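# Attaching a predicted model along with its sequence, questions to come.
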Amino acid sequence: MALMITDECINCDVCEPECPNEAIAQGEEIYEIDPGRCTECVGHYDEPQCRKVCPVDCIPLNPAFAETHAALYAKYVQLTTGVQSGAAPENASG
Ligand code: SF4
Ligand code: SF4
């Protein structure tokens, strides 16, 4: 599931540089998360980095984008390698 930023956001700017997928950007009024790029940090970190740093705890799961862990991993692979598959690259261990 992608995450989303609610209107409790105070535009503190700390989450945007933490996102490994460049999924966070300043919207018209508050920061926004692109669900097409958010992997819940799967593939990069054990926990969502934006959530970890948000001082007002305004980044819940986005119920409109339910995804399994495998789907999130496939999104990560596609974002990082351009390959549209759930398979890890053969040299992933290196
Ligand atoms: Fe970016 Fe991770 Fe937050 Fe998703 S959960 S917006 S990938 S920092
Ligand atoms: Fe908004 Fe939280 Fe991001 Fe700060 S860390 S810009 S309050 S979503």
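Cool, got the structure. Ligands and ions are numbered 1, 2, ... in the order given.
# Relative to V53, how far out is the closest residue to E67 other than its chain neighbours?
Nearest residue to E67, sequence neighbours excluded (CB to CB, 6 or more residues apart in numbering): M1, at 5.3 Å. (Each C-beta comes from the backbone N, C-alpha and C, glycine too.) As judged by CB to CB, to the nearest Å, M1 and V53 stand 19 Å apart.
# Of the two, which one has the most company?
M1 (19 against 14; other CB atoms under 10 Å).
# Just give me the residue closest to the centre of the chain.
Residue closest to the mean C-alpha point of the chain, counted by CA atoms, centre = their mean, is C38 at 2.6 Å.
# And that residue, how far from C54?
14 Å.
# Overlap of the contact sets of these two?
Common contacts of C38 and C54, defined by CB atoms under 8 Å, 6 or more residues apart in numbering, are absent altogether.
# average model confidence for the one helix or strand A25 maps to?
Assigned by DSSP states H and E, A25 belongs to strand 24-26. For strand 24-26, mean pLDDT is 98.
# and that strand with ligand 2, contact?
No. Shown here: strand 24-26 not in contact with ligand 2 (CB under 6 Å from any ligand atom), separated by at least 6.9 Å.
# What helices and strands are in contact with that strand?
Packing partners of strand 24-26 (3 or more CB pairs under 8 Å, 6 or more residues apart in numbering; DSSP states H and E): strand 31-33.
# which parts of the strand it packs on are buried?
For strand 31-33, burial by neighbour count (16 or more other CB atoms under 10 Å) applies to Y31, I33.
# strands paired with that strand, and their directions?
In the sheet, strand 31-33 lines up against strand 24-26 (antiparallel) (DSSP bridges).
# now stretch 16-35: how far from the chain's centre is it?
Stretch 16-35 sits 9 Å away from the centroid of its parent chain (CA atoms, centre = their mean, to the nearest Å).
# List of residues touching it?
Contacts of stretch 16-35 (CB under 8 Å, 6+ apart): 2-5, 7, 9, 11, 13, 15, 36-39, 41, 44-45, 49-50, 52-53, 59, 62, 64-65, 76, 79.
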